[in-house]
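S.K.: Okay, sequence plus prediction incoming.
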Amino acid sequence: MLERTSYERACIEARKKGLAPPRKPRGPLPNLPRKLFSYDHVEPKPAKEPPLPSSEAAQNHIPNHYTYSSVTHEKIAAIRSKTTLANTDICLDYKQSSNLYPESYPHFVRGRDSLREYITSLFTSKIAIYDGAMGTMIQNYSKRNKLDEEEYRGDRFKDWNCNVKGNNDMLSITQPHVISGIYKEYLEVGGSNLIGTNTFSSTTIAMADYNMEAYAYELNYEGARLARQACDEVTAADPTNPRFVVGAIGPTNRTGSISPSVEDPSARNVTFDELVEAYFEQIVGLMDGGADILMVETIFDTLNAKAALYAVGEYLEFSGLDIPVFVSGTLVDQSGRTLSGQTGEAFYASIRHAKPMCVGLNCALGAVHMIPFVEKLAKVVECFLHVYSNAGLPNAMGGYDESPDDMARNNKTFFENGWLNMVGGCCGSTPPHIKAIRECAENYAPRKLPDVGRPKMWLSGLEDLVVDDVHNHLGLPFLNVGERCNISGSIRFKKLMMAGDYATAMDIAKKQVEDGAHVLDINVDDGMLDGLAAMQKFVKIAVTEPEVSKVGEELFKEQATLLKKHGAAVVVMAFDEEGQAATEDEKVRICKRSYDILVNEVHFPPEDIIFDPNVLTIGTGMEEHANYGVDFINAVKTIKEQCPYVKISGGISNLSFGFRGVMKIRESIHAVFLHHAILESGMDVGIVNANEMLHVTEVEGELKKACENL
């Protein structure tokens, strides 16, 4: 006897329970073409440099003046005022005489030349060389010389209240000759063009392990100052090969998006604001110490990286300077994901709003193990790309076995494929390793920046998602936004949230993703609920699940600016001071006004704007409602024509609210409406229940005709 199909079994179960039979399974549907507009036909052009931040200094390549004594914003001054430096009359100015070296590449003079332009020239002419591991070099030093608790403390901290051995960053204060010697070895033996500061853990958060939070500014200042001195000494010996200080900003020992408690996935041991505050203090110390570049590195939790980049953005805004920013993520194992679960591509999509000059991977893996992940990044990263891998995987004793020749050979794949603009080493690497890598890299050309084409909306969860390339389960060029995690639209979800049953509420989220939702709409705004706390808890749980992941103009600008800093896409409802847009003309007018403010005044990326021109209810019997559907469809096309690169969304269930309870009619109305709105007018996004969506060919003939007439 033939086995019953899963559909037949589902029908039997439905009959037993007195339920309607399930919908027949549909076969694969072809992907339908997206409606194109004039701006969609953009010929890619060669990139001259990485994407620029929107600041005046970056856009115009204004050289950093390197006179930080003139940078006196109150938040920066407040940090300096707390310094633990014994001599408060510290050097803050590093400007060089404009005629110190010739005015042409490869020479560089601080205060005269644009570092952004210099790095672009360097990274497009050869594979630049970064340094290697600081920790490995300190360990090697301790094998040849005494470097125990007493030496870590030095005279200044001889009576400190806890053990400090292992706090490598404090050696910049207590044993500066050790750190300076390591810097010089990487510059002279390794031939590094750029060296990272000994400040990986120099935040108040990480220094809490040693009760040294108060010394964060000094640790960063001294770590950068020693690197500045070393770079200047080596540059003076050969001005045709200038060396640069990269301010190293580590991940801290806490994670913003990962729970420290197995029992409570919503628990966190640090907040975003606390991370920003700690990183901002670190940045002030690094810049005051003479850093040229800021590098957010060894990032295993993207939320920490976003906090660090937010702090960088605050410093750049307060100082008015153009400081190149590098970002380096860490994929923790062969799954190719960060500790917070993101792929390398999703990690990049999460931080690209900060417009880093260079992005890449470091730590956790050896070069051989990084190959597939670097290849994927090389295909999508819009800026320069780097790698500084470990010297293989750790052995049973925690050491690293790759010799300099081994490490150079294993990095060769990157060079042969033209994937990198900068290379260095992480755990286990030493100046001889860097020297061998440099000598190998010299035989290869650097990675070419990708051509610049049509901008697209690029979202990130655990994986990345390019909205402009999406087709849903019906073959429509349309992003399904799940509607069921909305207190206003789902009684069940509301009851669960009111009862604090987050686990069951999360099941609703998972079910929507299983049914075809690409993104979830979450709304917990209710007078009887602490919406902020509920939203935080629900989202914190959601990000751990691999299956889920009206205002005046001035306030509008303020909020848009804040969203831009966070790297968020924005949904703009068609409301203004006069109320909700109902007619076609009102929808177009409000959206065009919003677009002009966002793009021309806030400098918001147009591809990250989603307009919701209000899907309103039809079929109510009221004459003024009769044209709401047609007005929306027509407005979509006009808005897309007048506002290049934006997306159009809407809450689809609103359309048929007058037929609530009659699901067959509602689903049919939605199918016909979306068919016209998507394929004829270019609607991109919609808040839907994906499980109830019909393809227009599945709507019965007479019912389809009635829907068209409606």
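M.R.: Nice, thanks for sending it over. These numbers were taken from a predicted model, which means no experiment stands behind them. Numbering: from 1, shown residues only.
S.K.: after the helix or strand containing Asp507 comes which helix or strand?
M.R.: Here Asp507, judged by DSSP states H and E, is contained in helix 502-515. Sequence order places strand 519-523 as the next helix or strand after helix 502-515, per DSSP H and E.
S.K.: Now do that next one: which elements does it pack against?
M.R.: Contact here means 3 or more C-beta pairs under 8 Å, 6 or more residues apart in numbering; DSSP states H and E; on that basis strand 519-523 packs against strand 479-486, helix 502-515, helix 531-542. The C-beta positions use only the backbone N, C-alpha and C, and glycine is treated the same way.
S.K.: about what we covered before: report the buried residues of the helix holding Asp507.
M.R.: For helix 502-515, the neighbour count (16 or more other C-beta atoms under 10 Å) marks 502, 505-506, 508-510, 512-513, 515 as buried.
S.K.: how long is stretch 436-449 end to end?
M.R.: The straight-line separation of the ends of stretch 436-449 (C-alpha to C-alpha, to the nearest Å) is 26 Å.
S.K.: which SSE is Gly313 in?
M.R.: Going by DSSP H and E, Gly313 is part of helix 302-319.
S.K.: For that helix, list the C-alpha coordinates in PDB.
M.R.: C-alpha atoms of helix 302-319 as PDB (Å, rounded to 0.1, in the frame of the first residue of the first chain):
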ATOM      1  CA  THR A 302      29.000  43.000  16.700                       C
ATOM      2  CA  LEU A 303      27.100  45.100  19.200                       C
ATOM      3  CA  ASN A 304      30.400  45.800  20.900                       C
ATOM      4  CA  ALA A 305      31.900  46.900  17.600                       C
ATOM      5  CA  LYS A 306      28.900  49.200  16.900                       C
ATOM      6  CA  ALA A 307      29.300  50.700  20.300                       C
ATOM      7  CA  ALA A 308      33.000  51.400  19.600                       C
ATOM      8  CA  LEU A 309      32.200  52.800  16.200                       C
ATOM      9  CA  TYR A 310      29.500  55.000  17.700                       C
ATOM     10  CA  ALA A 311      32.100  56.300  20.200                       C
ATOM     11  CA  VAL A 312      34.500  57.000  17.300                       C
ATOM     12  CA  GLY A 313      31.700  58.900  15.500                       C
ATOM     13  CA  GLU A 314      31.200  61.000  18.600                       C
ATOM     14  CA  TYR A 315      34.900  61.900  18.800                       C
ATOM     15  CA  LEU A 316      35.000  62.700  15.100                       C
ATOM     16  CA  GLU A 317      31.900  64.900  15.400                       C
ATOM     17  CA  PHE A 318      33.200  66.700  18.500                       C
ATOM     18  CA  SER A 319      36.700  67.300  17.100                       C
END
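S.K.: Just the mean pLDDT for that helix, thanks.
M.R.: Helix 302-319 comes out with an average pLDDT of 97.
S.K.: What of stretch 272-280?
M.R.: The average of the pLDDT scores along stretch 272-280 is 97.
S.K.: So what touches it?
M.R.: Judged by C-beta atoms under 8 Å, 6 or more residues apart in numbering, the contacts made with stretch 272-280 from elsewhere in the structure are 75, 79, 203-205, 216, 249, 252, 254, 256, 303-304, 306-308, 310-312, 314-315.
S.K.: Could you rerun that using 6 Å?
M.R.: Under the contact criterion C-beta atoms under 6 Å, 6 or more residues apart in numbering, stretch 272-280 has outside partners 203-205, 256, 304, 307-308, 310-311.
S.K.: Stretch 482-494 now?
M.R.: 508-509, 512, 517, 520-524, 526, 687, 689.
S.K.: Over to stretch 297-306?
M.R.: With C-beta under 6 Å, 6+ apart as the contact definition, stretch 297-306 has outside contacts at 248, 250-251, 255-258, 275, 296, 328-330, 332, 338-340, 342, 347, 350-351, 362-363.
S.K.: Show me where the chain dips below the pLDDT cut-off.
M.R.: Filtered on pLDDT under 70, the chain yields the residue ranges 1-4, 527-529, 531-532, 534-552.
S.K.: rerun that using 80 as the cut-off
M.R.: Counting by pLDDT under 80, the chain contains low-confidence residues at 1-8, 20-27, 87-89, 262-263, 265-266, 488-489, 523-552.
S.K.: roughly how far out does the helix holding Asp507 sit from the chain middle?
M.R.: For helix 502-515, the separation from the chain centroid amounts to 25 Å (computed by C-alpha atoms, centre = their mean, to the nearest Å).
S.K.: The following helix or strand past the helix holding Gly313 to helix 302-319, inter-axis angle?
M.R.: Beyond helix 302-319 on the C-terminal side, the first helix or strand identified by DSSP H and E is strand 325-329. Computed by axes from the mean of the first three to the mean of the last three C-alpha atoms, to 10 degrees, the angle separating strand 325-329 from helix 302-319 equals 170 degrees.
S.K.: partners of strand 325-329, with directions?
M.R.: Based on DSSP bridges, the pairing partners of strand 325-329 within the sheet are strand 293-299 (parallel), strand 358-366 (parallel).
S.K.: of all these, which lies closest to Thr67?
M.R.: For the strands paired with strand 325-329, proximity to Thr67 was assessed by C-beta to C-beta; strand 293-299 is nearest, at 17.8 Å.
S.K.: No further queries at this time; thank you.
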